[in-house]
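K.L.:
Sequence first, then the predicted structure, then my questions.
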Amino acid sequence: MTDTVQNRGTRKATLTTEVVAPRCAAMAVGSVPHTDPAVAVDLVMRTTPDIPAWPQLPRRTFRESMYVQFTEGFPGLCLDEVRERVYVLDEPPSDQLVAFVEALESDDPARFAISPGNAAALPVLGEALAAAASVPPFVKGQVTGPISLGLSLPREDRRALLYDDTLRDIAVNLLVMKARWQADLLRSWAPDATALIMVDEPSLTQMGSAFVSIPEAIAFPALEQCLAALGCLTGLHVCGATDWSSLIELPVDVLNFDAADHLDAFLAHRESVGAFLAAGGLLAWGVVPNDERAMKLGAEETGATVLAGAEHLAAGGFVDVDQILRASFVCPACGTGTLTEPLAERCFTLAAETSAWLRARM
């Protein structure tokens with residue numbers, strides 16, 4: 001077999017027809033507990049060399065928490081770093097709204113750049129890529145998804161902006177432009193690599209919950225608008241059980257799921273996942289638990305979990321085990337920003353060891 005996978009025919013026309021097969025490459029997921037961006041990027045480059053990503057550093061500053069990091073330029077944004085509070089004015093100032101619309105109409109993602117104050121590791125990754133001996137097949141960025149941001153970023157009256165038509169539309173367009181800016185930047189640093197932007201949507205684990213209202217008529221169009229507009233390889237990260245069959249219908253290339261604690265919930269959608277894979281979709285198995293279990297687990301145990309899951313998916317008849325493994329990444333189940341540094345580093349190392357264990361069996 002060739003070492004490429006076909007891109008899904010219904011995906012964005014800007015993508016090429018083939019991408020390099022990940023072959024169970026180790027991948028990072030979002031945040032780390034480190035405060036030194038150079039140390040964090042070194043960890044990423046050492047353990048995930050096939051798909052380096054810029055790590056988020058929420059302990060460095062409140063500005064790097066996932067619900068603040070991508071809000072620069074939001075009209076009416078009020079940020080109190082001392083009290084660690086962020087919200088949006090119920091009625092953003094008209095001059096800020098006009099400036100935002102003018103920036104959007106320019107269709108220039110550079111006008112929505114993420115500053116080093118909000119993403120200190122991003123420019124450090126650029127330096128690391130320039131110094132690397134070879135170009136990786138992939139390079140990864142990330143952005144908080146519109147549903148999760150919409151539920152977590154409140155208006156002045158403490159109502160979630162997801163339910164405000166105007167503010168939700170601003171949020172979607174802001175996230176799209178910041179994601180597009182990242183993709184352009186990553187491609188400029190590694191022109192021969194495939195840029196992947198992961199859209200992080202932890203709130204989707206609450207779909208159908210009695211405690212959180214996520215109206216599908218509002219949420220899914222916002223998410224679809226965001227994913228469809230990125231113009232690069234696009235992934236969706238949900239660290240828990242959700243309605244994967246519905247999410248697969250969205251314009252997404254990579255499904256990043258929690259295989260450490262919610263594998264059965266993902267495999268329950270075997271028919272939909274099998275069709276997704278057959279059409280050229282990719283999987284990112286969050287098989288490394290981002291907790292103390294990572295200290296005791298070995299690559300044989302985590303690798304065996306991936307193999308067993310691939311065999312279950314292959315039994316659906318759409319693709320075989322080898323095709324699934326070729327179209328897969330392996331990673332921690334979620335970001336490691338709340339862990340200790342030694343535990344986070346173990347999660348990264350175990351993902352790399354799992355990758356090597358699986359590749360030896362392909």
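P.N.:
Arrived safely. Numbering: from 1, shown residues only.

K.L.:
Tell me where the stretch 1-150 of the chain has strands.
P.N.:
4-6, 18-20, 25-26, 77-80, 85-88, 138-144 (DSSP state E, counting those that start in this stretch).

K.L.:
now the ones you listed in JSON lines, with mean pLDDT and mean neighbour count?
P.N.:
No exception for glycine: its C-beta is placed from N, CA and C like everyone else's. Formatted as JSON lines, those follow (pLDDT from 0 to 100; neighbours: other C-beta atoms under 10 Å):
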{"stretch": "strand 4-6", "mean pLDDT": "64", "mean neighbour count": "17"}
{"stretch": "strand 18-20", "mean pLDDT": "82", "mean neighbour count": "17"}
{"stretch": "strand 25-26", "mean pLDDT": "98", "mean neighbour count": "26"}
{"stretch": "strand 77-80", "mean pLDDT": "96", "mean neighbour count": "13"}
{"stretch": "strand 85-88", "mean pLDDT": "96", "mean neighbour count": "18"}
{"stretch": "strand 138-144", "mean pLDDT": "98", "mean neighbour count": "26"}
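
K.L.:
Number of residues surrounding residue 256?
P.N.:
27 (other C-beta atoms under 10 Å).

K.L.:
Identify the residue nearest residue 341 in space, chain neighbours excluded?
P.N.:
Take residue 341 and drop its neighbours on the chain: the residue closest to it by C-beta to C-beta, 6 or more residues apart in numbering is residue 33, 5.3 Å away.

K.L.:
in the stretch 1-150 of the chain, what spans have low per-residue confidence?
P.N.:
Counting by pLDDT under 70, the stretch 1-150 of the chain shows low-confidence ranges at 1-2, 5-17.

K.L.:
brain fart, the stretch 201-350 of the chain
P.N.:
Applying pLDDT under 70 to the stretch 201-350 of the chain flags the ranges 208-212.

K.L.:
Please verify my assumption that residue 150 contacts residue 174.
P.N.:
No. When contacts are counted by C-beta atoms under 8 Å, residue 150 is not listed as touching residue 174 (11.3 Å).

K.L.:
just to revisit the earlier point, between the strands of the stretch 1-150 of the chain, which gets nearest to residue 230?
P.N.:
Nearest of the strands of the stretch 1-150 of the chain to residue 230, taken as C-beta to C-beta: strand 138-144 at 8.9 Å.

K.L.:
what's the closest one in contact with?
P.N.:
Identification of contacts with strand 138-144 by C-beta atoms under 8 Å, 6 or more residues apart in numbering yields 20, 22, 25, 27-28, 30, 50-54, 56, 66-67, 69-70, 129, 175, 178-179, 182-183, 185-186, 189-190, 193-200, 233, 237.

K.L.:
OK, contacts around residue 318?
P.N.:
Counting by C-beta under 8 Å, 6+ apart, residue 318 makes contact with 271, 274, 275, 277, 278.

K.L.:
what about residue 34, distance to residue 342?
P.N.:
Residue 34 sits at a distance of 11 Å from residue 342 (criterion: C-beta to C-beta, to the nearest Å).

K.L.:
Give me the more crowded residue out of the two.
P.N.:
Applying other C-beta under 10 Å to residue 34 and residue 342 shows that residue 34 carries more neighbours, namely 22 against 9.

K.L.:
Filter the contacts of strand 138-144 down to the buried ones and hand me the PyMOL line.
P.N.:
Selection of buried members from those for PyMOL, criterion 16 or more other C-beta atoms under 10 Å:
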select buried, resi 20+22+25+27+28+30+50+51+52+53+54+56+66+67+69+70+129+175+178+179+182+183+185+186+189+190+193+194+195+196+197+198+199+200+233+237
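
K.L.:
what's downstream of the helix or strand where residue 186 lies, the next helix or strand?
P.N.:
Using DSSP states H and E, residue 186 maps to helix 165-189. Using DSSP H and E, the helix or strand that follows helix 165-189 in sequence is strand 194-200.

K.L.:
And the next helix or strand after that next one, what's buried?
P.N.:
Where DSSP H and E defines the elements, the next helix or strand beyond strand 194-200 is helix 216-228. Neighbour counts using 16+ other C-beta under 10 Å place 218, 219, 220, 222, 223, 224, 225, 226, 227 of helix 216-228 among the buried residues.

K.L.:
Touching, the last one and residue 250? I think so.
P.N.:
Translated: residue 227. Yes. The pair residue 227 / residue 250 is scored as a contact, 5.5 Å apart, by C-beta under 8 Å.

K.L.:
Could you check how far residue 98 is from residue 259?
P.N.:
Applying C-beta to C-beta to residue 98 and residue 259 gives a distance of 46 Å.

K.L.:
So between these two, which is more surrounded?
P.N.:
residue 259 (24 against 11).

K.L.:
Give me the distance between that one and residue 150.
P.N.:
Taken as C-beta to C-beta, the span from residue 259 to residue 150 is 27 Å.

K.L.:
shared neighbours, residue 227 and residue 250?
P.N.:
Residues within reach of residue 227 and of residue 250 at once, by C-beta under 8 Å, 6+ apart, are residue 236.

K.L.:
correct me, but residue 152 touches residue 69?
P.N.:
No. The criterion here is C-beta under 8 Å, and residue 152 misses it with residue 69 at 11.7 Å.

K.L.:
tell me the mean pLDDT for the helix holding residue 186?
P.N.:
In this model, helix 165-189 has a mean pLDDT of 97.
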